[in-house]
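Chemist: sequence? don't have it. structure:
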Ligand code: UDX
Ligand code: UDX
């Protein structure tokens, strides 16, 4: 079969994998190849057990793999063959040198740009999929035009807005697709080619176009606004606990104002995920770079409240359990940063586990999808930590349960049975407010929700 165009994606991660699978699924006329430097990851994409857990992903991959979707480690060949290249490599926060802890580490990204330049033999459209600091496309253009060869590269920004756990749904029916380009005739022509791909399944009115810097900035700002909503309600949860108000009732009342909206108002143990913290720190760095110290401080506060919320959770546990956790057995329900994913990047459970281990508590961790990642995350942590998939076994003999992830299996468990297997007094710290607190209290548990008065038998 001859394909209309050949698409390459560099980086087979949480973003590149599902996004390209959806393009292949919706556009059988395009050949889509995903390459990665990590051969194990590529082998997993080609196997029955995909490297990431995402509801609905397997079905889309199975339907297209080997037909117009291919996973490979042959990056150079992929570059040579393709007309359009998506770059979806990771861009973690820098851990060294200038901007350490704040700025994005662009080394993989720059290496990828140079690789494209070295191996390209024909004109190409380069699409930034990774979230990047504003004006990174400019750097990409500079690298790609740094030699005198006659090949033309047009760089577009097309940030991905999918959320993990709902990636397939988000890709199939996105609120919007954003495409930023240079406003030159060549830039607009490249933009139209990308619009044409998405128009195969996304209504035209949901495909937004903008200048390239607005597009890059919009991604950072979207994540910053979403995280800000969570930090705002989490800040209020601390006040509710003191003022004997109920944060769920407050959130319901606030969210019914259509100007505010009811989503992203669930108070929690804190937000996690690979994007929020990294993107806000990027925004803060950018503001500082332009001398906007007050603006930088404002956004820094969103990350500050998230750190405060996680620490507050540990301190609440400590105070409730008679100011010592040493030797106590604590079971974490969930380790993923949110439900329906096995991803644990920046999961609040990592910080909470480290702090509890520091207090010399014994930990048992249970999660339906994230135990392998949990083991890796806690590798260097000293202390007694075990990983058990069955929540009944995991909580057996524990002093306390702390809910870290809002998996829908947890509210359905038989808590009578759990209560009888635990050390007394038995504690539950519900970091997601997903359990029936009154019922648990009646069973005999001492219950500590987020942003509501505790229910205790003392
Ligand atoms: C995404 C986005 O692309 C990133 O900008 C965002 O802000 C975080 O999420 P994600 O897909 O979640 O990244 O990251 P990850 O799952 O780590 O995947 C990146 C892949 O790129 C990895 O499989 C890695 O092996 C690959 N990679 C990295 C390359 O193929 N080449 C490189 O030079 C570097
Ligand atoms: C986010 C953005 O939603 C997505 O658009 C972007 O492309 C990538 O970053 P993701 O990190 O996958 O997606 O998940 P998201 O649903 O945004 O949740 C982030 C964190 O916030 C999770 O830890 C979640 O549990 C937490 N959260 C979310 C809350 O604590 N309360 C809420 O009300 C909502």
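Modeler: Perfect, thanks for sending it. Quick caveat: nothing in here was measured; it's all calculated off a predicted structure. Ligands and ions are numbered 1, 2, ... in the order given.
Chemist: Stretch 427-436 - what's its average pLDDT?
Modeler: With pLDDT averaged residue by residue, stretch 427-436 scores 98.
Chemist: does any part of the helix or strand containing residue 428 sit near ligand 2?
Modeler: Following DSSP states H and E, the helix or strand that holds residue 428 is strand 427-430. No: judged by Cβ under 6 Å from any ligand atom, strand 427-430 and ligand 2 are separated, with a smallest distance of 12.9 Å. The C-beta positions use only the backbone N, C-alpha and C, and glycine is treated the same way.
Chemist: and that strand, which strands flank it?
Modeler: In the sheet containing strand 427-430, the strands it pairs with under DSSP bridges are strand 400-403 (parallel), strand 446-448 (parallel).
Chemist: next SSE after that strand?
Modeler: Remark: after strand 427-430, the chain's next helix or strand is helix 437-443, criterion DSSP H and E.
Chemist: How much space separates the residue nearest to residue 288 when sequence neighbours are not counted from ligand 2?
Modeler: The spatial neighbour of residue 288 that comes closest, neighbours along the chain excluded (Cβ to Cβ, 6 or more residues apart in numbering), is residue 296 at 4.7 Å. When Cβ to the nearest ligand atom, to the nearest Å is the yardstick, residue 296 and ligand 2 sit 21 Å from each other.
Chemist: when you give positions from now on, start the count at 12
Modeler: Sure, I'll start counting at 12 from here, so that last one is residue 307.
Chemist: before we move on, what SS does residue 307 have?
Modeler: Using DSSP: H, G, I helix; E, B strand; the rest coil, the secondary structure recorded for residue 307 is helix.
Chemist: Can you get me a residue count around it?
Modeler: By other Cβ atoms under 10 Å, the residues close to residue 307 number 19.
Chemist: which one of the strands paired with strand 438-441 is the most hemmed in?
Modeler: Among the strands paired with strand 438-441, judged by mean count of other Cβ atoms under 10 Å, the one packed with the most neighbours on average is strand 411-414 (a mean of 26).
Chemist: contact partners of that one?
Modeler: With Cβ atoms under 8 Å, 6 or more residues apart in numbering as the contact definition, strand 411-414 has outside contacts at 324, 328, 332, 339-345, 363, 406, 421, 429, 433, 437-443, 445-446.
Chemist: who in the stretch 162-311 of the chain is up against ligand 1?
Modeler: Counting by Cβ under 6 Å from any ligand atom, the residues of the stretch 162-311 of the chain lying close to ligand 1 are 285, 286.
Chemist: So which residues on the stretch 162-311 of the chain come close to ligand 2?
Modeler: Applying the criterion Cβ under 6 Å from any ligand atom, the portion of the stretch 162-311 of the chain that neighbours ligand 2 consists of 171-175, 234, 237, 241, 275-277, 279, 282-284, 286-287.
Chemist: Buried ones among these?
Modeler: Applying a neighbour-count criterion of 16 or more other Cβ atoms under 10 Å, the buried members of these are 171-173, 175, 234, 237, 241, 275-277, 279, 282-284, 286-287.
Chemist: Contact partners for residue 365?
Modeler: Under the criterion of Cβ under 8 Å, 6+ apart, the contact partners of residue 365 comprise 389, 392.
Chemist: Are we agreed that it is in a helix?
Modeler: Yes: secondary structure of residue 365, determined by three-state DSSP: located in a helix.
Chemist: Need the three-state assignment for residue 238.
Modeler: helix.
Chemist: what sits against the nearest residue to it once chain neighbours are set aside?
Modeler: Counting by Cβ to Cβ, 6+ apart, residue 287 is the residue found nearest to residue 238 once chain neighbours are left out, at 4.2 Å. With contact taken as Cβ under 8 Å, 6+ apart, residue 287 is in contact with 234, 237, 238, 317, 357.
Chemist: Leaving out chain neighbours, which residue sits closest to the closest residue to ligand 1 within the stretch 262-411 of the chain?
Modeler: Going by Cβ to the nearest ligand atom, ligand 1 is nearest to residue 285 of the stretch 262-411 of the chain, at 4.4 Å. If the residues on either side of it in the chain are set aside, residue 285 comes closest to residue 356, at 4.1 Å by Cβ to Cβ, 6+ apart.
Chemist: hmm, back to that, among the buried ones among the residues of the stretch 162-311 of the chain next to ligand 2, which one sits closest to residue 300?
Modeler: Out of these, the one with the shortest distance to residue 300 is residue 234. That distance is 18.4 Å, counting by Cβ to Cβ.
Chemist: That closest one contacts residue 284, correct?
Modeler: No: with contact defined as Cβ atoms under 8 Å, residue 234 and residue 284 do not form a contacting pair (9.1 Å).
Chemist: In the stretch 262-411 of the chain, where is pLDDT below threshold?
Modeler: Judged by pLDDT under 70, the stretch 262-411 of the chain has no weakly predicted residues.
Chemist: picking that back up, could you let me know which of the buried ones among the residues of the stretch 162-311 of the chain next to ligand 2 ends up closest to residue 87?
Modeler: The shortest distance between residue 87 and any of these, using Cβ to Cβ, involves residue 171 and amounts to 25.0 Å.
Chemist: who's in contact with the helix or strand residue 88 falls within?
Modeler: When secondary structure is defined using DSSP H and E, the element that contains residue 88 is helix 86-92. Counting by Cβ under 8 Å, 6+ apart, helix 86-92 makes contact with 17, 19, 21, 44, 46, 48, 83, 96, 126-127, 130-132, all of which sit outside it.
Chemist: out of the strands paired with strand 438-441, nearest to ligand 1?
Modeler: When those are compared by Cβ to the nearest ligand atom, strand 411-414 sits nearest ligand 1, at 25.0 Å.
Chemist: Report the buried residues of the following helix or strand past the closest one.
Modeler: Later in the chain than strand 411-414, the nearest helix or strand by DSSP H and E is helix 426-432. Of the residues in helix 426-432, those buried under the neighbour-count criterion (16+ other Cβ under 10 Å) are 426, 429, 430.
Chemist: For burial, what's the neighbour tally of residue 395?
Modeler: A total of 12 residues lie near residue 395 under the criterion other Cβ under 10 Å.
Chemist: before we move on, the earlier item: which one of the strands paired with strand 438-441 lies nearest to residue 30?
Modeler: Among the strands paired with strand 438-441, the nearest to residue 30 by Cβ to Cβ is strand 411-414 (31.1 Å).
Chemist: and the closest one, how far from the chain's centre?
Modeler: 23 Å (Cα atoms, centre = their mean, to the nearest Å).
Chemist: Is there proximity between that strand and ligand 2?
Modeler: No: against ligand 2, strand 411-414 shows no contacts by Cβ under 6 Å from any ligand atom, the least distance being 11.6 Å.
Chemist: Tell me which residues touch the residue most central in space within the chain, please.
Modeler: Nearest residue to the geometric centre of the chain (Cα atoms, centre = their mean): residue 284, 3.4 Å. With contact set as Cβ under 8 Å, 6+ apart, residue 284 has these partners: 175, 348, 349, 354, 356, 357, 358.
Chemist: Most neighbours among those, which one?
Modeler: Each of the contacts of residue 284 was scored by neighbours using other Cβ under 10 Å; the highest score is residue 358's, at 29 neighbours.
Chemist: avg pLDDT for the strand or helix carrying residue 245?
Modeler: According to DSSP H and E, residue 245 maps onto helix 223-254. Per-residue pLDDT values over helix 223-254 give a mean of 97.
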